[in-house]
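Colleague: the following block contains a protein sequence and its predicted model.
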Amino acid sequence: MDSHQGAIFFFLAIPVSPRTICFLVESLTPIALYLTVGFKLLKLKWDNMIEVEIKCKPTPEEKAALLKDATFVREEHLIDIYYDSTSYELTTKDFWLRTRNNKFVLKIPASSHPLLALQANTPKHEIEDEEKIRTLLKLSPRGTLHQALELASYKPLYTLVKVRQKYTKSGFIIDIDHATFEDLTFDLLEVETMVETSEEISQATQNLIAFVQQHGITPGDIPGNLISLIKIVNPEHFAALAVARSARVPHVL
């Protein structure tokens, strides 16, 4: 028996009267309710936050300059499984549905702006609430989300295994990814921040660009790891994405 189990056993062995139990339940219920409501409000706020990022492929020297005086946060091991229909109904709308280590996340466009011509990705809302995902994708409310997706003919298309090193510097998040798909490997550096409103996207993007330029990195139209993978393994899907993107941002192609 470890120390935690011993503590639980000791606690359970303490004689407690029904009146005491009722008192504890009545006392703790408002606290639990407050915490539950607070968590849901925080999660709702997070789902409405907008992720603004730029992707880079710096040289080793540029990467070293960027990471100088940065704070290492952690290393993450991620398994990302991306879903879509065989006609690419989601991704051609710039909707990106994945599970990350078995947790669903839906990324949807937050705004369009001329600065987006610089980047292959657009600012996104990250939706983690499964009920909201069902609503946005018009899925059945019955069964698990996996079952609802299968019913709507959405299926796993790509799996990327990633090792991510996360840093912070000057208020920005720096993610360094090494991703693999079978015998293919992809390396990418992302710098990102979060904003609350679409009006903040332009300034946030300019701040990100200025930040990487201060470290000698020239931002460009860098595709993400998934887009790079699709280009290699599924040219049909890549072509569909290019057509859809040119319709959204005509000056890109």
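Modeller: Ah, there it is. Residues are numbered from 1 along each chain as shown.

Colleague: okay, CA-based contacts and neighbour counts for the rest of this
Modeller: Will do.

Colleague: any idea what the residue nearest to Phe181 when sequence neighbours are not counted is bridged to?
Modeller: Nearest non-adjacent residue to Phe181, counting by CA to CA, 6 or more residues apart in numbering: Leu160, 5.5 Å away. Using DSSP bridges, the bridge partners assigned to Leu160 are Asp80.

Colleague: hmm, Leu160 is touching Thr180, no?
Modeller: Yes: assessed by CA atoms under 8 Å, Leu160 is found in contact with Thr180 at 5.8 Å.

Colleague: and those two? Which one has more around it.
Modeller: Leu160 (22 against 18; other CA atoms under 10 Å).

Colleague: just the pLDDT at the more buried one, thanks.
Modeller: Leu160 carries a pLDDT value of 97.

Colleague: just Ala210 next, same as before
Modeller: For Ala210, pLDDT reads 95.

Colleague: okay, and it sits in which element?
Modeller: helix 201-213 (DSSP states H and E).

Colleague: for that helix, buried residues please.
Modeller: Ile201, Ser202, Ala204, Thr205, Leu208, Ile209, Phe211, Val212 (16 or more other CA atoms under 10 Å).

Colleague: repeat that for stretch 61-71.
Modeller: Buried, per 16+ other CA under 10 Å, within stretch 61-71: Glu62, Lys63, Ala65, Leu66, Ala70.

Colleague: widest-spaced pair of those?
Modeller: Spanning the widest gap among the buried residues of stretch 61-71 are Glu62 and Ala70, at 13.4 Å by CA to CA.

Colleague: which residues of the stretch 151-253 of the chain fall in strands?
Modeller: Per DSSP state E, counting those that start in this stretch, the stretch 151-253 of the chain carries strands over the ranges 155-169, 172-181, 184-195.

Colleague: work out for me the element Val73 sits within.
Modeller: Going by DSSP H and E, Val73 is in strand 71-84.

Colleague: swap in Glu62?
Modeller: Here Glu62 is assigned to helix 60-67, by DSSP H and E.
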